[in-house]
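**Q** Dropping the sequence and predicted coords here.
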Amino acid sequence: MKVFALLNIILVGFSAVACSQNSITGTFPDLAGGYVKLVGFDGFNTYPVDSVRVNAKGNFRLSFGNNDYGMGYLEAEDGNSFIVILAAGEDLKIEGETLAFAETVVITSGKQNRLFEKYAKEHPRREQALSAWDFLEDIYHRDSLFAGHEEPKKAIEAEKQRIKEEDKVFLEGLDSEYYVSWYLPVRKLVSSAQTIAQYRSEEIPAALSAFRNIDYTDPRLYKSGLLRETLEAHFWLIENSGRSLDSVFIEMNISIDHLIENLSANEKKFNEITGYLFELLESRSLFTSSEYLALKILNETSCTINSDLAAQLESYRAMKKGNIAPDFGFKDDCFAPRYGPADSPGKLSDIKSKYTVVVFGAGWCPMCTEELSKIARVYEKWTKFGVEVVFFSLDEDKQSFKNLTAAYPFVSICDYKKWESPVVKEYHVFAIPTIYLLDDKREILLRPNSVSQMDAWVDWYLEQGNRLQ
């Protein structure tokens, strides 16, 4: 009896494992002999789910577990891919010639995938039609030749409403238990951001509200492949909404408040998403909002901040615009080609230029050497407008420092202590290159993210200002 009981337990366990596996079956003659893999989404990342060799007839079978539920994609050896829904309990069957052309792929089994395919084909056509009607509607309102004709205006508006209603009915008719019923509205929101900003500005408030109401702790979002795109589209829409720059930052800060409140109960996602958003805002030179986000994160008491992120953000609290940058001496190796022995600066505050750009970098950092070479090319122009440059090197080897700075016309110094340098710590440098723009009182005016941005500042605020005087 014990043997039968044990056998029964094993069979039940095997059955449970078997039931947790779902399959994708494909027939693609052009892929015969090659490998095809199934990839799933996990937040900002992807992960391999399964991989098989396609047989001589072009047939393959891939498996995925219930934990993979969400979006995924098939990828062939040539890099071409095809998006699929990994729906638990729904074996997917597809066929075609190649993954390169989605329109040639036929889904023969898989209800959610069929619904996804139908909407993916119909929605862009509706959007194109709406854009065309918007164009005509604009003509009938602005052009005096057509403005007096009310019937066409009413017909255009009626057709636009019909198209929107048709789209709405499709989405609302989806089974709420289906993953696709959550995914499609979010995908529609993300993909429509650019069209809304350019052609349907009246929809911007509703779109921003929809973005702010997204639950960033929802596991479905993490499995969608849309996490990065959702954040980017949200803040891109604000940036390109036709508002003044001050108004843009106000709206961004409102969205940041919504995001922080939503994420505060989930420490892991809080760190992941706020860290990504901070980098996104920095990369777009939206420093007012990146600074606002940094301070909000640092003041959040319900979550423990990742130590690397905290160090990065702390620089914004200590080194934010308006603060006075620390003075530091040029005690160690210092090259100052523009200065003679009598007037060589002994510390940062000895430099008498109207503006000083302090750059942290190193010879072992490829991006640093690129940026320093750019500074060398524009240095003469900068000095004409009262801008001096001080390069603080994190090199540890004296010869490496000399080789790096020998041809540079600006001030270069090094204490050979790398990240342990007191100056590096005082300036909260956590990555290089790091750049600060200071005025003659060492007040921080700007934290440029590149030499190009700093050069644009010189062109706009200094050169342009001189022309207007």
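**A** That came through, no problem.

**Q** show me where the stretch 101-250 of the chain has helices.
**A** Per DSSP state H, counting those that start in this stretch, the stretch 101-250 of the chain carries helices over the ranges 111-142, 150-172, 179-199, 204-212, 219-222, 227-239, 245-263.

**Q** I'd like those as JSON lines, with mean pLDDT appended.
**A** JSON lines is the format used below for the helices of the stretch 101-250 of the chain (pLDDT from 0 to 100):
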{"stretch": "helix 111-142", "mean pLDDT": "91"}
{"stretch": "helix 150-172", "mean pLDDT": "93"}
{"stretch": "helix 179-199", "mean pLDDT": "94"}
{"stretch": "helix 204-212", "mean pLDDT": "96"}
{"stretch": "helix 219-222", "mean pLDDT": "96"}
{"stretch": "helix 227-239", "mean pLDDT": "97"}
{"stretch": "helix 245-263", "mean pLDDT": "94"}
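
**Q** Most tightly packed of these?
**A** helix 227-239 (a mean of 20; mean count of other CB atoms under 10 Å). Every C-beta, even on glycine, is put in place using the N, C-alpha and C of the backbone.

**Q** helices or strands next to that one in the packing?
**A** The contact analysis (3 or more CB pairs under 8 Å, 6 or more residues apart in numbering; DSSP states H and E) places helix 227-239 against helix 179-199, helix 204-212, helix 245-263, helix 267-283.

**Q** sorry, back to before: now the helices of the stretch 101-250 of the chain as a markdown table including distance to E300?
**A** Putting the helices of the stretch 101-250 of the chain into a markdown table (distance: least, CB to CB, whole Å) gives the following:
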| stretch | distance to E300 |
| --- | --- |
| helix 111-142 | 37 |
| helix 150-172 | 35 |
| helix 179-199 | 26 |
| helix 204-212 | 18 |
| helix 219-222 | 20 |
| helix 227-239 | 18 |
| helix 245-263 | 6 |
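
**Q** Tell me which of these lies nearest to C365.
**A** helix 227-239 (26.3 Å; CB to CB).

**Q** can you confirm E388 is in a strand?
**A** Yes. Under the criterion used here (DSSP: H, G, I helix; E, B strand; the rest coil), E388 sits inside a strand.

**Q** Report the beta-bridge partner residues of it.
**A** T356 (DSSP bridges).

**Q** picking up where we left off before, which stretch among the helices of the stretch 101-250 of the chain comes nearest W382?
**A** For W382, the closest of the helices of the stretch 101-250 of the chain is helix 245-263, at 24.9 Å, according to CB to CB.

**Q** The helix or strand where I24 lies - contacts with which helices or strands?
**A** Following DSSP states H and E, one finds I24 within strand 21-27. Applying 3+ CB pairs under 8 Å, 6+ apart, we find strand 21-27 packed against strand 59-65, strand 92-95.

**Q** re earlier: between the helices of the stretch 101-250 of the chain, which one is closest to I83.
**A** helix 111-142 (8.0 Å).

**Q** Residue ranges in the chain under the pLDDT threshold?
**A** Applying pLDDT under 70 to the chain flags the ranges 1-20, 301-312, 463-469.

**Q** Quickly run through the sheet partners of the strand holding I24, with directions.
**A** Sheet partners by DSSP bridges: for strand 21-27, these are strand 59-65 (antiparallel), strand 92-95 (parallel).

**Q** Redo those as JSON lines? Include distance to A325 and mean neighbour count.
**A** Shown next, in JSON lines, are the strands paired with strand 21-27 (distance: least, CB to CB, whole Å; neighbours: other CB atoms under 10 Å):
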{"stretch": "strand 59-65", "distance to A325": "54", "mean neighbour count": "18"}
{"stretch": "strand 92-95", "distance to A325": "59", "mean neighbour count": "19"}
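
**Q** which non-adjacent residue is nearest S224?
**A** Of all residues not flanking S224 in the chain, M71 sits nearest, at 5.2 Å (CB to CB, 6 or more residues apart in numbering).

**Q** right, and that neighbour touches G225 too?
**A** Yes. Contact status for M71 versus G225: in contact at 4.9 Å, counting by CB atoms under 8 Å.

**Q** Overlap of the contact sets of these two?
**A** F41 (CB atoms under 8 Å, 6 or more residues apart in numbering).

**Q** so which of the strands paired with strand 21-27 comes closest to H123?
**A** For H123, the closest of the strands paired with strand 21-27 is strand 92-95, at 20.4 Å, according to CB to CB.

**Q** shouldn't V106 be in contact with E97?
**A** No. At 10.2 Å, V106 does not count as touching E97 under the criterion of CB under 8 Å.

**Q** Which of those two has more residues huddled nearby?
**A** More crowded of V106 and E97, by other CB atoms under 10 Å: E97, with 14 against 11.
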